[in-house]
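K.L.:
Okay, structure incoming, though there's no sequence with it:
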């Protein structure tokens, strides 16, 4: 069985879904890899590294597709990619099926077996397959570097002949994978860090990284859904949260916001009124920009200045560190394929919750239960998709 990695033609997408290291390991499973010529160059992986690892190359995406039963992408398929995707072909990619309803319908109509890597269930054995966590790690790290390059201060405290330089103050909103990596990176650079999250359970993790945990006092609400993600809170809680964030924002040099709710628009945590209380020269890096943004003034893919505060709304931030982002993504793919491959064939075992949690379309149908629910479709008897 052959699995192919085409070259992306999306502007700014420098990652590749398979790297040479993974090719070698997939061959041991009995899977042959086909790489489109030049697919890995932007990420630092030349064609000869793939051929040395045992892959073959194809001159075009359509030539690659004609050879392969499975395709791997780092992103949802584009219009141009639909021209060579075939009915019955497996497609492993990031899909966001809970919001990309038209794309899901199109994949079903096209007959593609669409497997959304971003819907991997959050269970212990699936951690090595968790694309969201891998890419969030990259984003959390890079967000701090972006903020540091914009800030008009240095991060660490310094004792100099000109006197003491006080450390920068960083506020992290959301202590998931991206937030925790941002905390660790900001602390390494010497900043004083605070972190807010609606989930009290993350307090220990925040404090273990050397940050102070900020929380709404005496909240008895369940802030976590069954998948371990933050969920939307009551209006009373939101009012208390808004005041708390505004007060701590006013004292911060940098805010890095990461708060997302799966299948929903990102909550507004930083209002224009809050921005008005911040010191001119402060920086907001909104990692939730692709989900609508946590900052009221965020514009996706743009750098803007509001009342003297710099606001960054980065798009596809993992693609800005393509070597390691590709390596991590490829390892997630490989880990999943290790579980799926039997005697050189990829087999989708419907008794496996990692399969039912990620297979979105198959046989011309939308088969993922949670996706059908968000699309307001009647349940299918065969749709056993677990909430990812």
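P.N.:
Noted; the coordinates are in hand. This structure is a prediction, so every number in the text was calculated from the model and none was measured.
K.L.:
which residues of the stretch 1-150 of the chain fall in helices?
P.N.:
Counting by DSSP state H, counting those that start in this stretch, residue ranges of the helices within the stretch 1-150 of the chain are 20-28, 47-53, 61-67, 79-82, 101-110, 131-150.
K.L.:
So which of these is the most surrounded?
P.N.:
helix 131-150 (a mean of 22; mean count of other C-beta atoms under 10 Å). C-betas here are computed from N, CA, C, even on glycine.
K.L.:
Please name every helix or strand in contact with that helix.
P.N.:
Packing partners of helix 131-150 (3 or more C-beta pairs under 8 Å, 6 or more residues apart in numbering; DSSP states H and E): helix 177-188, strand 254-257, strand 283-286, strand 309-312, helix 322-340.
K.L.:
give me the low-pLDDT residue ranges for the chain?
P.N.:
Scanning the chain for pLDDT under 70 picks out 218-233, 382-388.
K.L.:
Determine which residue of it is most distant from the centre point.
P.N.:
Largest separation from the mean C-alpha position in the chain: residue 161, at 43.9 Å (C-alpha atoms, centre = their mean).
K.L.:
what's the burial count for residue 243?
P.N.:
Other residues within reach of residue 243, judged by other C-beta atoms under 10 Å, total 12.
K.L.:
elements contacting the helix or strand encompassing it?
P.N.:
Using DSSP states H and E, residue 243 sits in helix 235-249. The contact analysis (3+ C-beta pairs under 8 Å, 6+ apart) places helix 235-249 against strand 169-173, strand 192-196, helix 272-277.
K.L.:
List the strands paired with the second one, with their directions.
P.N.:
Using DSSP bridges, the neighbouring strands of strand 192-196 in the sheet come out as strand 169-173 (parallel), strand 212-214 (parallel).
K.L.:
returning to that earlier point: out of the helices and strands packed on helix 131-150, which one sits most buried?
P.N.:
Taking mean count of other C-beta under 10 Å, strand 254-257 is the most buried of the helices and strands packed on helix 131-150, at a mean of 30.
K.L.:
by contact count, what packs against it?
P.N.:
helix 131-150, strand 169-173, helix 177-188, strand 283-286.
K.L.:
residues in contact with the first one?
P.N.:
Pointing back at helix 131-150 there. Residues from elsewhere that reach helix 131-150 (C-beta atoms under 8 Å, 6 or more residues apart in numbering): 94, 117-118, 120, 127, 155, 170, 176-182, 185-186, 189, 254, 256, 258, 283, 285, 287, 310, 312, 314, 317-318, 320-321, 324-325, 328-329, 331-332.
K.L.:
can you do 6 Å?
P.N.:
Outside of helix 131-150, the residues within contact range by C-beta atoms under 6 Å, 6 or more residues apart in numbering are 117-118, 155, 177-178, 181-182, 185-186, 254, 256, 283, 285, 287, 310, 312, 317-318, 320-321, 325, 328, 332.
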